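Student: Whatever this is, show me its structure:
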Amino acid sequence: MPKKIDSKCSKCRRAGTKLFLKGEKCLGPKCALVKRNFPPGQHGAGAKRSKLSGYGKQLREKQQAKQMYGLRERQFANYVNAAAKKTGDTSRILIELLESRLDNIVYRMGIAPSRVLARQMVSHGHFTVNGKKLDIPSYSVKVSDVIAITDKSKSKRLFENIADKLAKYEAPSWLHVDVAKLSAKVLNKPTAENLPFNSKVIIEFYSR
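Tutor: This next block holds a predicted model:
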């Protein structure tokens, strides 16, 4: 019986870059892209990555971003439309909107090993924003907002030894993590730090 292929790992292998869909596994030697750096499928090992057209490159960037944040096409397109309506660099604003999602902030804090788990944590009501409990993963966090684990949730097994983990974690420069309070403050608007996709190319895709 053939070995079952993890769908999340297949997405990274197909994209040819890490989308960090499997949390800590993506950082270690067990990462599927490290072990099998070729497209999935019966002929993947012997196949060369085909040269993409301009449209193909744009589509690939869009797919990578959509999969990384765990969004459906309509949800992702709504973020692009919202960014286009604002004044300024649309590609930069798109990053700000995506990275400002509450589930992404929890992931960026280092509390959740993946955005999938971060979304579950938020949905189960484990976090507050400025002292108010919120369970909406798509909630848009603003500059100066403080995100924290609820007092009730701090004692749960899910967050056991989380302070030790946060002490070793390096959050993005726009986010300050307070290890003692198990909280984080948004210092500035999010920037495109360590993102495996080009937001300008994505905007070009939707502008066709």
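
Student: Identify the residue nearest the geometric centre of this structure.
Tutor: Tyr69 (4.5 Å; Cα atoms, centre = their mean).

Student: That one and Ala163, how far apart?
Tutor: Applying Cβ to Cβ, to the nearest Å, the value for Tyr69 to Ala163 is 27 Å. To be clear about C-beta, it is placed using only N, CA and C from the backbone, and glycine gets the same treatment.

Student: same thing with Arg92?
Tutor: Applying Cβ to Cβ, the value for Arg92 to Ala163 is 34 Å.

Student: for Ser199, same thing?
Tutor: The gap separating Ser199 from Ala163 is 34 Å, by Cβ to Cβ.

Student: Which one's more surrounded, these two?
Tutor: Ser199 (23 against 13; other Cβ atoms under 10 Å).

Student: Now that one, what are its backbone angles?
Tutor: Note on Ser199: backbone dihedrals following degrees, to the nearest 10 are phi -70, psi -30.

Student: host element of the residue nearest to it when sequence neighbours are not counted?
Tutor: Closest residue in space to Ser199, ignoring its immediate chain neighbours: Ser91 at 4.0 Å, by Cβ to Cβ, 6 or more residues apart in numbering. Using DSSP states H and E, Ser91 maps to helix 90-99.

Student: and the chain, what are its domains?
Tutor: Annotated domains of the chain cover 7-97+196-206, 101-186 [automatic domain parsing].

Student: Can you add mean pLDDT and give those back as CSV?
Tutor: Formatted as CSV, those follow (pLDDT from 0 to 100):
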stretch, mean pLDDT
domain 7-97+196-206, 81
domain 101-186, 97
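
Student: I'd assumed Ser140 was in contact with Leu97.
Tutor: Yes - between Leu97 and Ser140 there is a contact at 7.1 Å, judged by Cβ atoms under 8 Å.

Student: Compare these two (neighbour count), which wins?
Tutor: Set side by side, Leu97 and Ser140 show more neighbours around Leu97, with 17 against 13, by other Cβ under 10 Å.

Student: what's the neighbour count on Arg72?
Tutor: Arg72 has 9 neighbours, counted by other Cβ under 10 Å.

Student: tell me the angle of the host helix or strand of Gln63 relative to helix 90-99?
Tutor: Counting by DSSP H and E, the element that carries Gln63 is helix 54-69. Between helix 54-69 and helix 90-99, the angle comes out at 20 degrees (axes from the mean of the first three to the mean of the last three Cα atoms, to 10 degrees).

Student: what's next to helix 54-69, contact-wise?
Tutor: Helix 54-69 has contacts (Cβ atoms under 8 Å, 6 or more residues apart in numbering) with 11, 15, 17, 19-21, 52, 72-73, 76, 98, 101, 104, 115, 195-199, 201-202, 204-206, 208.

Student: buried ones in it?
Tutor: Gln58, Arg60, Glu61, Lys62, Gln63, Gln64, Ala65, Lys66, Gln67, Met68, Tyr69 (16 or more other Cβ atoms under 10 Å).

Student: of those residues, closest to Lys168?
Tutor: Set against Lys168, the nearest of those by Cβ to Cβ is Met68 (23.2 Å).
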